[in-house]
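A.B. asks: Fold the stuff below for me.
(one chain, ligands or ions: 1)
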Amino acid sequence: MSAWSLELKEVRKSFGKSEIIRGASLQVAKGERVAIIGPNGAGKSTLFNLISGRFPVTSGDILLNGNSIIDKRPFEINRAGLSRSFQITNIFHRLSVYENLRCAVLWSLGYKYSFWHRLNGLKDAHERAEQVLEQIGLKRRRDTLAGLLTYAEQRALEIGITIAGGAEVILLDEPTAGMSRSESDAAVELIRKVTVGKSLLMVEHDMSVVFGLADKIAVVVYGEVIACDTPVNIRANAKVQEAYLGGHAAEAA
Ligand SMILES: Nc1ncnc2c1ncn2[C@@H]1O[C@H](COP(=O)(O)OP(=O)(O)OP(=O)(O)O)[C@@H](O)[C@H]1O
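C.D. replies: Presented below is the predicted three-dimensional model:
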């Protein structure tokens, strides 16, 4: 069994003649929270799209629990235990909070649309949806249409949808984007709680979130992971300071 939940080996990705990811390597251990930071356009979202199977890699390998996933489709990667959230919320606005979560559970279990008329009989999905509802603190909003939630509640639901299937590897794309300081603090607590024992890879621009949550920080510059280390070591890393963090480190202090 692999020591790493997720491993990127010399991954490269070109769009036409432009090489955007240039030999990126990264490891995430079981139970570890890793934040990816880097300047705009460095390739952070592209890395997420490669890991989740949205884009094929040009070369290199990506391993989930020791098994290559580069030839798998996004839903196969999801069912192999990796779940991702998106920068833009990905919820069904006309379904209730509970129904959104139940859909996410059913999807991860592999149910097809034709089974939806039997939903009420699907006890496991119901119980799991109720459990996630509790975890994300939206129990009192259970029957509210998701479109009527506040922005911060929608982002919490998004996290609930991402974890609902019980994936062991969670990818979160800017989970606190657009939040106030207090909303963002609450989101950090939520993420910490729901990822206990899981592996988390997260793209985040807010340095107080990054330094508050991550066990390790991976710095991506021009499509390469130039450093991946503990927050303390990243803050002290001269190469990182020069390439990116100079102005941002003060924000997190
Ligand atoms: N599908 C695509 N086709 C062509 N170029 C793309 C595609 N997706 C991304 N790129 C390019 O890849 C580069 C990296 O983009 P990416 O969105 O991965 O950066 P990022 O680090 O996530 O940036 P940000 O912090 O602004 O979100 C950019 O120059 C972008 O224009």
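
A.B. asks: From what I see, residue 45 and residue 205 are in contact.
C.D. replies: No - counting by CB atoms under 8 Å, residue 45 stays clear of residue 205, with 11.6 Å between them. For every residue, glycine as well, the C-beta is placed using N, CA and C.

A.B. asks: residue ranges for the strands of this structure, please.
C.D. replies: 4-15, 18-29, 33-37, 59-64, 67-68, 82-84, 169-173, 199-203, 216-221, 224-229 (DSSP state E).

A.B. asks: List the strands paired with the shortest one, with their directions.
C.D. replies: Put plainly, it is strand 67-68. Based on DSSP bridges, the strands next to strand 67-68 in the sheet, each with its direction, are strand 59-64 (antiparallel).

A.B. asks: Enumerate the positions of the strand it pairs with that are buried.
C.D. replies: Buried residues in strand 59-64, defined by neighbour count with 16 or more other CB atoms under 10 Å: 60, 62, 63, 64.

A.B. asks: From these, pick the one nearest residue 144.
C.D. replies: Here the nearest of these to residue 144, counting by CB to CB, is residue 64; it sits at 34.8 Å.

A.B. asks: how near is residue 64 to the ligand?
C.D. replies: Here residue 64 is placed at a distance of 20 Å from the ligand (CB to the nearest ligand atom, to the nearest Å).

A.B. asks: Residue 197 too?
C.D. replies: In this view, residue 197 and the ligand are 28 Å apart by CB to the nearest ligand atom.

A.B. asks: now swap in residue 139 and tell me
C.D. replies: Here the criterion is CB to the nearest ligand atom. By it, residue 139 lies 33 Å from the ligand.

A.B. asks: In the stretch 101-250 of the chain, where is pLDDT below threshold?
C.D. replies: By pLDDT under 70, the weakly predicted segments of the stretch 101-250 of the chain are 110-121, 245-250.

A.B. asks: For it, which segments are assigned as helices?
C.D. replies: Read by DSSP state H, counting those that start in this stretch, the stretch 101-250 of the chain holds these helices, from start to end of the chain: 123-135, 151-164, 181-194, 207-213, 231-236, 238-240, 246-252.

A.B. asks: So which elements touch the shortest one?
C.D. replies: Under the contact criterion of 3 or more CB pairs under 8 Å, 6 or more residues apart in numbering; DSSP states H and E, helix 238-240 touches strand 224-229.

A.B. asks: Now do the strand it packs on against strand 216-221, angle only.
C.D. replies: Following axes from the mean of the first three to the mean of the last three CA atoms, to 10 degrees, one obtains 160 degrees for the angle between strand 224-229 and strand 216-221.

A.B. asks: buried set for strand 224-229?
C.D. replies: Within strand 224-229, the residues that count as buried by 16+ other CB under 10 Å are 224, 225, 226, 227, 228.

A.B. asks: for stretch 39-57, same thing?
C.D. replies: Of the residues in stretch 39-57, those scored as buried under the neighbour-count criterion (16+ other CB under 10 Å) are 42-53, 55, 57.

A.B. asks: picking that back up, just name the most buried of the helices of the stretch 101-250 of the chain.
C.D. replies: Greatest average neighbour count among the helices of the stretch 101-250 of the chain goes to helix 151-164 (a mean of 23), per mean count of other CB atoms under 10 Å.

A.B. asks: helices or strands up against it?
C.D. replies: Packing contacts for helix 151-164, counted by 3+ CB pairs under 8 Å, 6+ apart, involve strand 82-84, helix 97-109, helix 123-135, strand 169-173, helix 181-194.

A.B. asks: Would you mind listing what in this structure touches the ligand?
C.D. replies: Contact residues (CB under 6 Å from any ligand atom) of the chain with the ligand: 15, 20, 38, 40, 41, 42, 43, 44, 45, 46.

A.B. asks: Nice, that's everything, thank you.
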